[in-house]
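Participant: the sequence isn't on hand, but the structure is:
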Ligand SMILES: NC(=O)c1ccc[n+]([C@@H]2O[C@H](COP(=O)([O-])OP(=O)(O)OC[C@H]3O[C@@H](n4cnc5c(N)ncnc54)[C@H](OP(=O)(O)O)[C@@H]3O)[C@@H](O)[C@H]2O)c1
């Protein structure tokens, strides 16, 4: 066991933890002392955790648009009396581990604990959970910092799953990422090139993100801020040179390709797929309304056409749940020095500036809270 592992005191069957909380979307965030209730048998025996649980001391947590979306929609999900802890992605140190948890005290772990219809969240000094029951939990690859590891699960796991919607091999393939400057987009580029073996990756981003997106391995960068005509012309140029795309991953709901599918995307028979990451339509997470989560009308039309057999293209809308292959994929690329995690900024977990940065959808990488 590492000497820095410290088990917090148990008071009345619970561990006290400071957390970033809210009641409804109208409330400002508030740092509050919360109780992590122990399983009564574990509390009585002094074990703190059940055989399947771990207690983790949070070291870092990253903010995702979904955290702001859940806060924005919270009055519809929670009664005002429920104090909700914000956050999903975390990285931390296991301070207590049950015999059947798959972890031991001293392990450095990362994962995602998001639970939309509960009061549980990651922006808390301590986390108590069953690793097998949360979205994802794995050991941090050697040499990766807590801040980097906390930035992975939602954005990077989604990127990995998005590429897996392509059912054939992407080896030697051609990929287009709409929104290469987003956290999801940055990981899509890296996994496409270095894990799935794509030959060519084109990505849209603004001039501000160009240098950063090049580092992820993109071969062609298309500045979407130069206007629709310039954007589609550059995409068509890329197709002329490298052929139609095997997969398009749209992380920003850019409608640029609708109307050009025949000339840009491989058909369903050829394995082509257009995968849209579910998120907010406005790419501005400060004012979320429920209809923001509906795909654009162009996507809906194409999706329906496909379902009734009137389209030769395949459409898919993805909500992330990283699978068992995701952790080893990260580990592999990290060991091979082919995995870059970009942090926009690191903040004390009590500051609201971090949340506002993510809300503006202008962060250049992940915004991380330090505990
Ligand atoms: N369904 C899921 O499981 C899941 C998981 C993660 C994320 N998401 C969704 O995916 C989307 C991206 O999330 P994220 O966390 O990756 O974003 P992010 O890191 O906050 O993205 C910020 C970047 O987005 C780029 N951007 C903003 N507007 C753009 C536009 N119209 N076109 C192209 N790029 C634009 C900007 O780069 P430039 O300098 O290039 O403009 C900015 O630096 C969100 O809608 C989110 O909700 C969904």
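Facilitator: On my side now, so go ahead. Given the structure is predicted, the values throughout are model-derived calculations rather than measurements. Numbering: from 1, shown residues only.

Participant: can you pull the contacts of residue 207?
Facilitator: Contact partners of residue 207, counting by C-beta atoms under 8 Å, 6 or more residues apart in numbering, are 223, 225. Where you see a C-beta, it was placed from the backbone N, CA and C, and this is true even at glycine.

Participant: how close does it get to residue 363?
Facilitator: Distance of residue 207 to residue 363, given as C-beta to C-beta, to the nearest Å: 16 Å.

Participant: residue 18 against residue 36, yeah?
Facilitator: No. Contact between residue 18 and residue 36 fails when scored by C-beta atoms under 8 Å: they sit 11.1 Å apart.

Participant: between those two, which contacts overlap?
Facilitator: Shared contacts of residue 18 and residue 36 (C-beta under 8 Å, 6+ apart): residue 124.

Participant: going by proximity to the ligand, name the top residue of the stretch 101-250 of the chain.
Facilitator: In the stretch 101-250 of the chain, the residue that lies nearest the ligand is residue 181 (2.8 Å; C-beta to the nearest ligand atom).

Participant: ok, the stretch 251-371 of the chain next?
Facilitator: residue 279 (2.1 Å).

Participant: residues from this protein in reach of the ligand?
Facilitator: Residues of the chain lying close to the ligand by C-beta under 6 Å from any ligand atom are 64-66, 154-155, 158, 179, 181-184, 204-206, 208-209, 224, 251-252, 254, 277-280, 283, 318-320, 358, 361-364.

Participant: okay, and which of these map to strands?
Facilitator: If you go by DSSP state E, the residues of the chain next to the ligand have 204, 205, 277, 318 in strands.

Participant: circling back: now for the residue lying closest to the residue of the stretch 101-250 of the chain closest to the ligand once chain neighbours are set aside: which residues touch it?
Facilitator: Of all residues not flanking residue 181 in the chain, residue 209 sits nearest, at 3.3 Å (C-beta to C-beta, 6 or more residues apart in numbering). Counting by C-beta under 8 Å, 6+ apart, residue 209 makes contact with 180, 181, 364.

Participant: quick check, pLDDT for the first one.
Facilitator: Which is residue 180. Residue 180 is assigned a pLDDT of 97 by the prediction.

Participant: nearest residue to it other than its sequence neighbours?
Facilitator: Leaving aside its chain neighbours, residue 180 sits nearest to residue 203 (2.8 Å; criterion: C-beta to C-beta, 6+ apart).

Participant: likewise the last one?
Facilitator: Spatial nearest neighbour of residue 364, excluding adjacent residues (C-beta to C-beta, 6+ apart): residue 344 at 5.0 Å.

Participant: the helix or strand that contains residue 75: what's the following helix or strand?
Facilitator: Taking DSSP states H and E as the criterion, residue 75 maps to helix 74-77. Toward the C-terminus, helix 74-77 is succeeded by strand 84-85 as the next helix or strand (DSSP H and E).

Participant: and the next helix or strand past that following strand?
Facilitator: strand 89-97.

Participant: tell me the strands beside that following strand, with direction?
Facilitator: Paired neighbours of strand 89-97 in the sheet (DSSP bridges): strand 54-62 (antiparallel), strand 108-112 (antiparallel).

Participant: secondary structure class for residue 212?
Facilitator: helix (DSSP: H, G, I helix; E, B strand; the rest coil).

Participant: for residue 206, see how far away it is.
Facilitator: Distance from residue 212 to residue 206, counting by C-beta to C-beta: 10 Å.

Participant: could you list the low-pLDDT ranges of the stretch 201-350 of the chain?
Facilitator: 283 (pLDDT under 70).

Participant: where exactly do the helices run in it?
Facilitator: 210-215, 228-242, 261-264, 297-307, 326-335 (DSSP state H, counting those that start in this stretch).

Participant: quick one: contacts of the second one?
Facilitator: Spelled out, it's helix 228-242. When contacts are defined by C-beta under 8 Å, 6+ apart, helix 228-242 is touched by residues 174, 176, 199-200, 202, 204, 220, 222-224, 245, 256-257, 260, 263-264.

Participant: buried subset of the residues you listed, written for PyMOL?
Facilitator: The PyMOL selection below is limited to those of those classed as buried (16 or more other C-beta atoms under 10 Å):
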select buried, resi 174+176+199+200+202+204+220+222+223+224+245+256+257+264
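
Participant: quick one on the thing from earlier: got the contacts of residue 209 as TSV, with distance to residue 236 and neighbour count columns?
Facilitator: TSV is the format used below for those (distance: C-beta to C-beta, whole Å; neighbours: other C-beta atoms under 10 Å):
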residue	distance to residue 236	neighbour count
180	18	31
181	21	26
364	28	17
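
Participant: quick revisit: from the contacts of helix 228-242, pick the one nearest residue 301.
Facilitator: residue 257 (13.0 Å; C-beta to C-beta).
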